[in-house]
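**Student:** I would like the atomic coordinates for the input below:
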Amino acid sequence: MAKTHKISFLTTKAFVPPLEEAVQSFSSIVTSFETSMDSDEWQIEGYSPEPFDKQEVEIALTLQATALGIPCPVFAIEALQEQDWVAENQKNFPPLLAGRVFIHGSHYKEPVPRNKIGLEIDAATAFGTGDHPTTHGCLLALQYLHKRVHISHALDVGCGTGILAMAIARLWQSSHSVASDIDKESVRVAAANAKNNQVSNRIRCLHAAGYQHPRIAKGKPYPLIVANILAKPLCLLARDLNQHLAAGGYTIASGLLNWQQNQVVAAYRTQGLRLEKVFALGCWNTLVFKKG
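**Tutor:** Here you go, the predicted structure:
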């Protein structure tokens, strides 16, 4: 069994989401928790089967801290005793509720609560188990659209675990989706999750950079495109997004900090997309746009 490596540092609640983002770039699993009920102090921990590069960690945290206007956190790196770190994380992963979507791991054996949409997702090597505000915001945005429009097919760019594509399949039960990611491991995890949740017949998982795949082109125009990535690629891919989005269609953009909203809105406005709704969770915003 491989040795686990851990990075840990303290911060305050307001800076937990952006600092978690910095740690996620070199960690397989990231957790955060309050250190005391009487203070605003939180601890962030990142875990990886590979040793951390101290210089890489320091650069990533310094860049994020500088953007936030705070000093770089003092961090510690240590090697832990050999253990099945994925199993341990899954065991301690409690069910999450995002609107009507009830997300749980395979270790959860109780019935899904009445009138909730159950999705089984284990903490693994791909992003998106519902606990991060960007994923949570996307799930709320999907439920907002579900009350207003019918979706026949959709595209999930940067699908991670496939959680959003699976939520689309459950909300619009006759829909089909394409779920793509630049990371091959994420595509593998998404396909496995779709199979475990009995929606693999309606979700096509692809390894693709942005919109560069023949199968993605074949499905356009899409009445719904979801992209939970980061602010910079959201802006860079705005034109490609518009070319694949149907007239009157909707897009959900997430992965941006609240101070990055204006630049994303500006990039989308140049493509004729109108901001319709904002879901703000902590430091993170999820944006809903309509075309035309």
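**Student:** surely residue 264 and residue 231 touch.
**Tutor:** Yes: at 5.7 Å, residue 264 counts as touching residue 231 under the criterion of C-beta atoms under 8 Å. (Each C-beta comes from the backbone N, C-alpha and C, glycine too.)
**Student:** intersection of neighbour lists for the two?
**Tutor:** residue 256 (C-beta atoms under 8 Å, 6 or more residues apart in numbering).
**Student:** please pick out the residue of the protein most distant from its centre.
**Tutor:** Most distant residue from the mean C-alpha position of the chain: residue 38, 30.5 Å away (C-alpha atoms, centre = their mean).
**Student:** tell me which of residue 264 and residue 231 has more neighbours.
**Tutor:** Shown here are residue 264 and residue 231; by other C-beta atoms under 10 Å, residue 264 has more neighbours (22 against 19).
**Student:** how about that one, secondary structure?
**Tutor:** helix (DSSP: H, G, I helix; E, B strand; the rest coil).
**Student:** pretty sure residue 30 sits in a strand.
**Tutor:** Yes: membership of residue 30 in a strand is supported by three-state DSSP.
**Student:** just the helices in the stretch 101-250 of the chain please.
**Tutor:** Secondary structure of the stretch 101-250 of the chain (DSSP state H, counting those that start in this stretch): helices at 133-146, 163-171, 184-196, 214-219, 231-236, 238-244.
**Student:** most tightly packed of the ones you listed?
**Tutor:** By mean neighbour count, with neighbours taken as mean count of other C-beta atoms under 10 Å, helix 163-171 ranks first of those at a mean of 27.
**Student:** what's that helix packed up against?
**Tutor:** On a contact count with 3 or more C-beta pairs under 8 Å, 6 or more residues apart in numbering; DSSP states H and E, helix 163-171 meets strand 101-104, strand 117-120, helix 133-146, strand 153-157, strand 176-181, helix 184-196, strand 203-207, strand 222-228.
**Student:** could you export the ones you listed as JSON lines, including mean pLDDT and distance to residue 10?
**Tutor:** Conversion of the helices and strands packed on helix 163-171 to JSON lines gives the following (pLDDT from 0 to 100; distance: least, C-beta to C-beta, whole Å):
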{"stretch": "strand 101-104", "mean pLDDT": "92", "distance to residue 10": "28"}
{"stretch": "strand 117-120", "mean pLDDT": "93", "distance to residue 10": "32"}
{"stretch": "helix 133-146", "mean pLDDT": "96", "distance to residue 10": "20"}
{"stretch": "strand 153-157", "mean pLDDT": "98", "distance to residue 10": "34"}
{"stretch": "strand 176-181", "mean pLDDT": "96", "distance to residue 10": "32"}
{"stretch": "helix 184-196", "mean pLDDT": "93", "distance to residue 10": "30"}
{"stretch": "strand 203-207", "mean pLDDT": "96", "distance to residue 10": "38"}
{"stretch": "strand 222-228", "mean pLDDT": "97", "distance to residue 10": "28"}
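**Student:** between these, which gets nearest to residue 73?
**Tutor:** Using C-beta to C-beta as the measure, helix 133-146 is the one of these that comes nearest residue 73, at 19.4 Å.
**Student:** rewinding a little: for the residue farthest from the centre of the chain, give me its contacts.
**Tutor:** Contacts of residue 38 (C-beta under 8 Å, 6+ apart): none.
**Student:** wasn't it part of a strand?
**Tutor:** No: counting by three-state DSSP, residue 38 is not part of a strand but coil.
**Student:** can you check the pLDDT for it?
**Tutor:** Per-residue confidence (pLDDT) for residue 38: 70.
**Student:** roughly how far does it sit from residue 10?
**Tutor:** Between residue 38 and residue 10 the computed distance is 15 Å (C-beta to C-beta, to the nearest Å).
**Student:** SS state for residue 62?
**Tutor:** Residue 62 is classified as helix under three-state DSSP.
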